[in-house]
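Colleague: Just to be clear, the model below is a prediction. Sequence and coordinates:
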Amino acid sequence: MMEKDVLSETQKGVKSRVKLASNIQRYGMVLVFFLMVTIITILSPRFLDPRNLLNVVRQISIISIVGFGVTMVIITTGIDLSSGSVIALVSVVTASLAHPNQYPLIIPILVGLLVGGITGLINGTLIAIGKLPAFIATLGMMITARGLALIYSDGRPITNFSESFNFLGQGYLFGVPFPIYVLALTALISHIILKHTKFGKYVYAIGGNEQAAIISGIDVVKYKILVYTYAGIMTAIAGILLTSRLSAGQPTAGVGYELDAIAAAVIGGTSLNGGIGTIPGTILGALIMGTLNNGLDLLHVSAYWQQVVKGFIIVGAVLMDKQRRI
Amino acid sequence: MKMRKILSIVLILMFVVGLLTGCNKSDSQTQGQNQETKKVIGVLLCDFSDQFQVYMKKGMEEAAKELGDEFQVIFYDAKYDANEQLRQAENLITQKVDAIVLMAVDREAAKPMVQAIHDAGIPLISVNRMLANQELAVSYVGSDDIQAGEIQMKALAEALGGKGNIVILHGSYGHEPEIRRQQGYMNILKDYPDIKIVAENTGDWYRDKGMKVMENWLRSGLQIDAVAAHNDEMAIGAALAIEDAGLLGKIKVAGIDATPEAIDFLKKGKLTYTVFQDAKGQGRTAIEVAAKAAKGEKVEKEYIIPFELVTPDKADEYLQRYQ
């Protein structure tokens, strides 16, 4: 009798500790975020100016959209290093079709999405059927896509866009920058796909235990290809927005964006070991990085120190990721 | 299963072929150089995708064409990787080329490479960027970035009437032009005590990063009268941020390089000044000097191609130079 009580007490203790740990994991980054916001607001009240908040969200929209696809890829234990270069390729191809009085707006958008989708399809095929490590396959795409962007544009920026194309990245709707609507829509779609569809369930299953997923009859090859294709399409959306925002299709666009997107996902709780990750988490990750950038600029912190602080935050996030697996 | 294996091999092969044809264009160009009679000039550049280097390479190609059949010019792209450039230089030394034109990724890291080229007895011409051990090269062709900073800041300071707040968008910290252009700013600013630098940050030479930093500054409540950017891409980024904030014309923006797009922004009144660096002229002169050196003719120690201030009224004239 006594022994049983003690046992159940210990079990309870373990359980509540596990629960606490999972709560810290789930809400830890939210706390970090609000702590950051509070500190920045005290030091510079201008941070909370609605125009500045919109500015921050617009700044993170491109990385976040890339991050949605990357999140799914990482959940399957994959990685996508090609995002930055694919942005450049999409950027120059889209730009070349977006001149005034050339084609209706839908053409550059569709072709851009197609280019992104194809690069994702190739990544996915190389990984799922060719059995290449995701790192190698997407590294190859990273190099190749950048090269193709340079070839296509002859190394020069492509400019002069139609009004409607300029609107995508520069326009406002009811006082809110248009990219923010795109961000909201892609976030919603990605979240629903991941949490409420068979596709999403399989993505987590593949990342949790690929062998088990195969044995339980999931067509792993098909879903892996689909995940990378989705990531390619998300990257294309980001590329189109960036092109419009910068008023130019640039073969040099998006350098380093793949790492920012991966960082956003990981800071937001996506585990590099696969099986864990959410879309709201990735938005939070991007928000943390964007707020840091913005806050440090508002406070005129030297760029040298900005890098040190950002490095700390990323390491801190992964430390938490490790702790929740012990 | 067998099908899958075959398919995977085919895919991998396609991929490898793609990589080879897509990326190693510069290496494959070396294959044609077996004809012993030709004199070969090896050109090591930092990054073919950089706007400025695209035009510099154009100038080089034009000069190479005019040299005719007697010379062959091979281009190498280091993609801003100092190690890669070292590897390429070693290749050129092994091939015993007749002259090397070098735009060093990193002047310090390039020291041993420059020494090796010198020891191999190959005449070395540095272009655009002076080397740390320049004395080992036969000639330098380029412009002086300090002068670019001085020309730009002098124009801004006068436009501001010698008084006001400026912000500075740096290139990547530690890059040679970043250091020297900033040095040029400082040389001028010491004569204008009423001009204050109220914020500085790096835009890493990129438009998107320059734009982000400028957006944040505009929201920070700073009174900004002018933006001095170390290159045009960041200046354009700042101009886009200023336009978005509805402050066009209230803040002066100046860049350096005079890229065609920047000149276009100048015409539209979104940029105030840019500074022309004669990319094609540098490229052309570098090849001409290299050809002389390869033939054993005497060359000057330095060929300085001067910077020029571009104001909106001279926009068209400079735009024509790119035609």
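Modeller: Right, received. Where do you want to start? Numbering: from 1, shown residues only, chains lettered A, B, ... in the order given.
Colleague: so how far is chain A from the nearest residue to residue B:71 once chain neighbours are set aside?
Modeller: Nearest residue to residue B:71 in three dimensions, chain neighbours excluded: residue B:39, at 5.2 Å (C-beta to C-beta, 6 or more residues apart in numbering or on different chains). C-beta coordinates here come from the backbone N, C-alpha and C atoms, glycine included. Distance of residue B:39 to chain A, computed by C-beta to the nearest C-beta, to the nearest Å: 27 Å.
Colleague: got it, and residue B:175?
Modeller: 13 Å.
Colleague: Backbone dihedrals for the closest residue in space to that residue that isn't next to it in sequence, please?
Modeller: Counting by C-beta to C-beta, 6+ apart, residue B:175 lies nearest to residue B:205, which is 7.8 Å off, once chain neighbours are set aside. Dihedral angles of residue B:205 (phi, psi; degrees, to the nearest 10) stand at phi 70, psi 0.
Colleague: sorry, back to before: who touches the residue nearest to residue B:71 in this structure?
Modeller: Counting by C-beta atoms under 8 Å, 6 or more residues apart in numbering or on different chains, residue B:39 makes contact with B:70, B:71, B:72, B:98, B:99, B:291, B:294, B:295.
Colleague: from chain B, which residue is nearest to chain A?
Modeller: residue B:216 (3.4 Å; C-beta to the nearest C-beta).
Colleague: Report the mean per-residue pLDDT for stretch B:149-162.
Modeller: For stretch B:149-162, mean pLDDT rounds to 95.
Colleague: same check, this time on stretch B:58-76
Modeller: Rounded mean pLDDT across stretch B:58-76 is 92.
Colleague: Need the CA coordinates for that stretch. PDB is fine.
Modeller: What follows is stretch B:58-76 as a C-alpha-only set of coordinates in PDB (Å, rounded to 0.1, in the frame of the first residue of the first chain):
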ATOM      1  CA  LYS B  58      33.000  43.400 -70.600                       C
ATOM      2  CA  GLY B  59      35.900  45.900 -70.900                       C
ATOM      3  CA  MET B  60      38.400  43.100 -70.600                       C
ATOM      4  CA  GLU B  61      36.600  41.100 -73.300                       C
ATOM      5  CA  GLU B  62      36.600  44.000 -75.600                       C
ATOM      6  CA  ALA B  63      40.300  44.600 -75.100                       C
ATOM      7  CA  ALA B  64      41.000  40.900 -75.600                       C
ATOM      8  CA  LYS B  65      39.100  40.900 -78.900                       C
ATOM      9  CA  GLU B  66      41.200  43.900 -80.100                       C
ATOM     10  CA  LEU B  67      44.400  42.000 -79.100                       C
ATOM     11  CA  GLY B  68      43.400  39.400 -81.700                       C
ATOM     12  CA  ASP B  69      44.600  35.900 -82.200                       C
ATOM     13  CA  GLU B  70      48.000  36.400 -80.700                       C
ATOM     14  CA  PHE B  71      46.500  36.400 -77.200                       C
ATOM     15  CA  GLN B  72      44.100  34.200 -75.300                       C
ATOM     16  CA  VAL B  73      42.400  35.500 -72.100                       C
ATOM     17  CA  ILE B  74      40.900  33.100 -69.600                       C
ATOM     18  CA  PHE B  75      38.600  34.200 -66.800                       C
ATOM     19  CA  TYR B  76      38.200  32.700 -63.400                       C
END
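Colleague: Do you have the strands of the chain handy? List them.
Modeller: As the question left the chain open, I've gone with chain A. A:172-173, A:176-177 (DSSP state E).
Colleague: ah, I was thinking of chain B
Modeller: B:39-45, B:71-77, B:99-102, B:124-127, B:139-142, B:164-170, B:195-202, B:226-229, B:252-254, B:274-276, B:302-304, B:308-310.
Colleague: neighbours of residue A:305, just the number please.
Modeller: 10 (other C-beta atoms under 10 Å in any protein chain shown).
Colleague: Now the residue of chain B closest to chain A. Nearest residue, chain neighbours left out?
Modeller: Going by C-beta to C-beta, 6+ apart, residue B:216 has residue A:297 as its nearest residue, at 3.4 Å.
Colleague: Next, the contact list for residue A:162, please.
Modeller: Listed by C-beta under 8 Å, 6+ apart, the contact partners of residue A:162 are A:98, A:99, A:100, A:101, A:102, A:105.
Colleague: how about it, phi and psi?
Modeller: According to degrees, to the nearest 10, residue A:162 has phi -70, psi 160.
Colleague: do the same with residue B:107
Modeller: phi -70, psi -30.
Colleague: That one is in contact with residue B:140, isn't it?
Modeller: No. Residue B:107 is beyond contact range of residue B:140, at 11.6 Å (criterion: C-beta atoms under 8 Å).
Colleague: Pull up the overlap in contacts between those two.
Modeller: Each of B:130, B:131 lies in contact with both residue B:107 and residue B:140 under the rule C-beta under 8 Å, 6+ apart.
Colleague: Mind checking which of those two has more residues around it?
Modeller: Neighbours per residue (other C-beta under 10 Å) separate residue B:107 from residue B:140, with residue B:140 holding more: 21 against 18.
Colleague: Near chain B, which residues of the stretch 1-150 of chain A are found?
Modeller: A:44, A:46, A:49, A:51-52, A:55, A:59, A:125-126, A:129-132, A:137, A:140, A:143-144, A:146-148, A:150 (C-beta under 8 Å from any C-beta of the partner chain).
Colleague: How about residues contacting stretch A:91-99?
Modeller: For stretch A:91-99, using C-beta under 8 Å, 6+ apart, the contacting residues are A:103, A:105, A:107-109, A:111-112, A:115, A:149, A:152-153, A:157-162, A:165, A:239-240, A:242-244, A:248-251, A:253-254.
Colleague: In that stretch, which residues are buried?
Modeller: Across stretch A:91-99, burial judged by 16 or more other C-beta atoms under 10 Å in any protein chain shown covers A:91, A:92, A:93, A:94, A:95, A:97, A:98.
Colleague: And those, which is closest to residue A:207?
Modeller: residue A:91 (30.3 Å; C-beta to C-beta).
Colleague: Where does chain A get nearest to chain B, residue-wise?
Modeller: As assessed by C-beta to the nearest C-beta, chain B sits closest to residue A:297 within chain A, at 3.4 Å.
Colleague: Please work out how many residues are found near that residue.
Modeller: 23.
Colleague: cool, and residue A:136?
Modeller: 14.
Colleague: Next up, the contacts around the residue nearest to residue A:290 when sequence neighbours are not counted.
Modeller: Among residues not flanking residue A:290 along the chain, residue A:60 sits closest, at 3.7 Å (C-beta to C-beta, 6+ apart). By C-beta under 8 Å, 6+ apart, the residues touching residue A:60 are A:183, A:264, A:283, A:286, A:287, A:289, A:290.
Colleague: One more: residue A:36?
Modeller: A:288, A:291, A:292, A:295.
Colleague: which residues of chain A score low on pLDDT?
Modeller: Residues of chain A meeting the criterion pLDDT under 70: A:1-27, A:317-318, A:320-326.
Colleague: hmm, try it at 50
Modeller: The model of chain A has pLDDT under 50 over residues A:1-4, A:6-7, A:325-326.
Colleague: show me where the chain has helices.
Modeller: You didn't say which chain, so I picked chain A. Counting by DSSP state H, chain A has helices at residues A:2-43, A:50-75, A:83-96, A:106-128, A:134-153, A:163-170, A:178-196, A:198-208, A:210-215, A:220-246, A:257-267, A:279-298, A:303-323.
Colleague: nope, chain B please
Modeller: Using DSSP H, helices in chain B cover B:2-23, B:25-28, B:51-67, B:82-94, B:111-119, B:145-159, B:176-189, B:207-219, B:232-244, B:260-267, B:279-294, B:315-320.
Colleague: hey, least reliable of these by pLDDT?
Modeller: Lowest mean pLDDT within the helices of chain B: helix B:25-28, at a mean of 42.
Colleague: Tell me which two in the contacts of residue B:39 are the farthest apart.
Modeller: The widest separation within those (C-beta to C-beta) is 13.9 Å, between B:72 and B:295.
Colleague: Looking at the two, which one has more neighbours?
Modeller: Between residue B:72 and residue B:295, residue B:72 has the larger neighbour count (other C-beta under 10 Å), namely 19 against 13.
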